[in-house]
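**Q** I'll drop the sequence and a predicted model, then ask my questions.
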Amino acid sequence: MTKVNESDQVEALFENPQSEEKTEEEKTVGESSPVQEKFYTLPDGRKVTAEQVYEEYQKLLPEFTKRSQELSELKKKTEASVEDETARQVREELKKHGVVFKDELEQEKNQLVQSIRQEIEYEQRLKELEKEIDGSDGRPPFRREEVLAHMSKVPIYEPLKAYEDLHRAKIDEWKIQQFLAKKQGLSTYESVRGRSVGTPPPPAPSKSVGKMSDNELKNLIVEELNKPTE
């Protein structure tokens, strides 16, 4: 048996000591050196880390959600519009074959009721005017046939306004006579069962009020206003 002396063992133990120290050094350096961080390129060209990518995502998430909802609503409206147009076409085709729908029937009924109600109210209005303006106070009497015939010629749709437009000259003269009568202390020209009410009216002017010019009418009113009261 070969005997290994102690000097040979020491020499073998420390054989190539630099590589062992280098290995320990590499191990130490490898453990302490930072990890190379990866970068990502965004559509706008910026280079960001994974953490920054997440932050960008969080910023864009609300806008993305909003746009998704808008697109969803737009899709629903588009689909509803298509359905409505299809339903309309089907409805029109059925109407051509005499089908009457409940909603249209209800609408026609309501329109008829409204029309009848307006006719009743209009008839009542005509009766009230005939009773109120019967000619006893000096105004031309309200005759519905005359007023309605006048309304068919002019764009006036209120009976009283049509009556006043029809008899404008006579009504203006009547108003002046009322003014002159009140100036003389009279309250009315009416008579009750053949007996006059109040003081007799003043003498009529030499010319009919309706035939007076504007200046003559103005002078007459001024003259009456300037008369001393009794």
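**A** That came through, no problem. Numbers count the residues shown, from 1 in each chain.
**Q** So for the residue nearest to F39 when sequence neighbours are not counted, what's the pLDDT?
**A** Leaving out its chain neighbours, the residue that sits closest to F39 by C-beta to C-beta, 6 or more residues apart in numbering is K47, at 4.5 Å. The way it works is simple: take the backbone N, C-alpha and C, and place the C-beta from them, glycine included. Per-residue pLDDT puts K47 at 79.
**Q** where's K47 relative to E104, distance?
**A** Look at K47 and E104: by C-beta to C-beta, to the nearest Å, they are 67 Å apart.
**Q** if you count what's nearby, which of these two comes out ahead?
**A** Remark: of K47 and E104, E104 carries more neighbours, 12 against 9, as counted by other C-beta atoms under 10 Å.
**Q** which element follows the longest helix seen in the chain toward the C-terminus?
**A** Criterion DSSP state H: the longest helix present in the chain is helix 50-96. Following helix 50-96 in sequence order, the next helix or strand is helix 102-132 (DSSP states H and E).
**Q** and that next one, what does it pack onto?
**A** The contact analysis (3 or more C-beta pairs under 8 Å, 6 or more residues apart in numbering; DSSP states H and E) places helix 102-132 against helix 144-151, helix 159-166.
**Q** care to break this structure down by domain?
**A** What automatic domain parsing lists as the domains of the chain is 59-99, 100-166, 168-230.
**Q** Can you lay out the ones you listed as TSV showing distance to V53 and mean pLDDT?
**A** Formatted as TSV, those follow (distance: least, C-beta to C-beta, whole Å; pLDDT from 0 to 100):
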stretch	distance to V53	mean pLDDT
domain 59-99	11	76
domain 100-166	57	90
domain 168-230	87	64
